[in-house]
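In: Just to be clear, the model below is a prediction. Sequence and coordinates:
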Amino acid sequence: MVTKTEETQLNRLESQVDNGGGGAWEYLCLVRKLKVRRSDKVLKHGLSILNDSKKRSSLGPEEWTLYEQVAIAAMDCHSLDVAKDCVNVLQKKFPESKRVGRLEAMLLEAKGSWGQAEKAYSSLLEDNPFDQVVHKRRVALAKAQGNLSGAIEWLNKYLETFMADHDAWRELAEIYVSLQMYKQAAFCYEELILSQPTVPLYHLSYADVLYTLGGLENLMTAKKYYSSTIELTGGKNTRALFGICLCTSAIAQLSKGRNKEDKDSPDLQSLATAALEKEYKQRASGKLSVLTSAFKSLKVSS
Amino acid sequence: MGGVGGELRYEISQNAYIKLVLHSLKHKTSSVNGVLLGRSSDDVVQIIDSVPLFHNHLGLLPPLEISLIMIEEHFAAQGLGIVGYFHANERSDDLELGNVAKNIGDHIYRYFTQAAILLLDNKRLEALPKGKDRLPVLQLYTRDASKNWKLAGSDGGCRLITKEPAANAVLLDYISSKKWEDVVDFDDHLDDITKDWLNPELFK
């Protein structure tokens, strides 16, 4: 996961390199550090370094890291010839390497040779059952073949051992949401909130899932988690503010005629609508009238 | 009568069509969706505009509900309503209409019984530069009498066409100039409300 500051920095560097202002190596290192997926740019700028013998030798031992990074980016862009070339270079340099073996297996996966890739990954895992990257490639393999239940099975097994892998929990939650298995997705977000209670994204996603599940209890819990998201983000999260409005409206509909159990409901909701109106007035005034009409439809007003 | 049956045709404007395809090209590694805006007349449903919606967590309700309310409010002023739904699957060879798409389609159908679901056909999109395909690279689904979403087959008629016959040529042009980078969807708007999901500058 990347913060807004990190993303802005990365984008600035990216357009600098794109426009010929240099800094390609810095950009490639930042992409590696932040673990973002910008394969077409990595391929383009990485190759420009690798194909220039002077630039390449000035990298020293980092040259091999770049070959690996470009190989993977090439596979992601389906430039399999480029990927094969990079892997060959690494094979020559590190003939017995398991790390290179992993890249060879990934090449099989990129080619769509599912059976061979599966065999290669399994054999790598026999030698090293704690290779997290290979475990996750196996999940990706299942996903690529459209075998989502297989992907879920592998991912759950993986998480039994590596339960601190937050990205894996998020991936699992996303797969569950795509299959409309909301209860299971909720469980994933609960795990994430337990281990990292101050990350607002987890609170927000959890609230979204609860709202989607529906029912009075879930809606009221969703409202609490939209509130905690707002708290954790200093009131700046548009999605959470909208979430409060949606919950208020849905809860009101479900509890028609019954006593309102939520005593702070009117205050919270009017704060949310006021905050949204202020934001839109300042930064998206063209949409303000649409926003106000939307509030009317939801029957929430500040 | 219109409604269900083989007579109803759909005509999508070039801009509405291109916007949706470009959106899916911007987010190649995820599924994306969008809504179709338009009106019906006689035996034709005119899809006049489209709004790209999401590229993350398509199965979650809150962002969808907010987007539909705001989009409806905006287009009602122009006499246009939500007439359908667009979906592009995550995997390029996946031509199955999934449950998330069907559920959203069902919801739209409740308010507009001639609603269509359009599903991106990646194979035909990839083949565009080589052939002279003048039909939109989309599959058309409509609700049949047993409430199922049925694929409109190539049974003689072209039920979905682009209003402008050269739409695919224009699309290819935009693709080669990487125009998809400029497409804004509702997800982008929720992350930064200064981004406009109407994409007013996209085709200028």
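Out: Sure, I can see it. Numbering: from 1, shown residues only, chains lettered A, B, ... in the order given.
In: For chain B, which segments count as helices?
Out: With DSSP state H, the ranges of helices along chain B come out as B:14-26, B:61-76, B:99-111, B:122-127, B:167-176, B:186-191.
In: do the fifth one and chain A meet?
Out: No - for helix B:167-176, no contact with chain A is found by CB under 8 Å from any CB of the partner chain; the gap never falls below 13.9 Å. Quick note: C-beta positions are derived from backbone N, CA and C, even for glycine.
In: Stretch A:31-38 spans what distance, first to last residue?
Out: Distance between the two ends of stretch A:31-38: 7 Å, counting by CA to CA, to the nearest Å.
In: right, and the helices of chain B - which one's nearest B:Ser146?
Out: helix B:99-111 (13.3 Å; CB to CB).
In: Report how many residues lie close to A:Gln14.
Out: Actually, residue A:14 is Glu. It isn't Gln. 17 (other CB atoms under 10 Å in any protein chain shown).
In: Could you pull up the residues touching it?
Out: Taking CB atoms under 8 Å, 6 or more residues apart in numbering or on different chains as the contact definition, A:Glu14 lies against A:27, A:38, A:41.
In: how about the residues of chain B that lie near chain A?
Out: B:29, B:31, B:56-63, B:65-66, B:69-70, B:73-74, B:90-91, B:94, B:98-100, B:103, B:190-191, B:193-194, B:196.
In: low-confidence ranges in the chain?
Out: Unless you meant another one, I'm taking chain A. Counting by pLDDT under 70, chain A shows low-confidence ranges at A:257-265, A:300-302.
In: Chain B is the one I meant
Out: Flagging of chain B using pLDDT under 70 yields the residue ranges B:1-6, B:154-157.
In: can you pull the contacts of A:Thr233?
Out: A:200, A:240.
In: switch the cut-off to 10 Å
Out: Applying CB atoms under 10 Å, 6 or more residues apart in numbering or on different chains to A:Thr233 gives the contacts A:200-201, A:203-204, A:239-241.
In: of all these, which two lie farthest apart?
Out: If you compare every pair in the contacts of A:Thr233 using CB to CB, the most distant one turns out to be A:Leu201 and A:Leu241, at 15.3 Å.
In: who's more crowded, these two?
Out: Neighbour tally, A:Leu201 and A:Leu241, criterion other CB under 10 Å: the higher count belongs to A:Leu241, 21 against 17.
In: which SS state does that one fall under?
Out: Here A:Leu241 takes the helix state, with states given by DSSP: H, G, I helix; E, B strand; the rest coil.
In: That one touches A:Ala275, doesn't it?
Out: Yes - at 5.5 Å, A:Leu241 and A:Ala275 qualify as touching, with contact defined as CB atoms under 10 Å.
In: so what sits against both of the two?
Out: With CB under 10 Å, 6+ apart applied, the overlap between the contact sets of A:Leu241 and A:Ala275 consists of A:230, A:235.
In: ok, A:Leu28 to A:Thr238 distance?
Out: With distances defined as CB to CB, to the nearest Å, the gap from A:Leu28 to A:Thr238 amounts to 33 Å.
In: what about these two, which has more around it?
Out: Using other CB under 10 Å, the more surrounded residue of A:Leu28 and A:Thr238 is A:Leu28, with 24 against 19.
In: which stretch of helix or strand covers the residue of the stretch 51-200 of chain A found nearest chain B?
Out: Across the stretch 51-200 of chain A, the shortest distance to chain B (CB to the nearest CB) belongs to A:Val177, at 4.5 Å. Element membership for A:Val177 (DSSP states H and E) is helix A:166-178.
In: Let me know the angle separating that helix from helix B:99-111.
Out: What separates the directions of helix A:166-178 and helix B:99-111 is an angle of 40 degrees, with axes from the mean of the first three to the mean of the last three CA atoms, to 10 degrees.
In: In helix A:166-178, which residues are buried?
Out: Neighbour-count burial for helix A:166-178 flags A:168-178 (criterion: 16 or more other CB atoms under 10 Å in any protein chain shown).
In: next one: stretch B:126-138
Out: Counting neighbours by 16+ other CB under 10 Å, one finds that the buried residues in stretch B:126-138 are B:128, B:135-138.
In: out of those, which are inside strands?
Out: When DSSP state E is applied, the buried residues of stretch B:126-138 are split such that B:Leu138 fall in strands.
In: Take the buried residues of stretch B:126-138 and write them to a markdown table, including distance to B:Leu151.
Out: Listed next are the buried residues of stretch B:126-138 as a markdown table, based on distance: CB to CB, whole Å:
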| residue | distance to B:Leu151 |
| --- | --- |
| B:Leu128 | 20 |
| B:Leu135 | 14 |
| B:Pro136 | 14 |
| B:Val137 | 15 |
| B:Leu138 | 11 |
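In: I'd say A:Leu10 and A:Arg32 touch.
Out: No - between A:Leu10 and A:Arg32 no contact is recorded; they are 11.3 Å apart, counting by CB under 10 Å.
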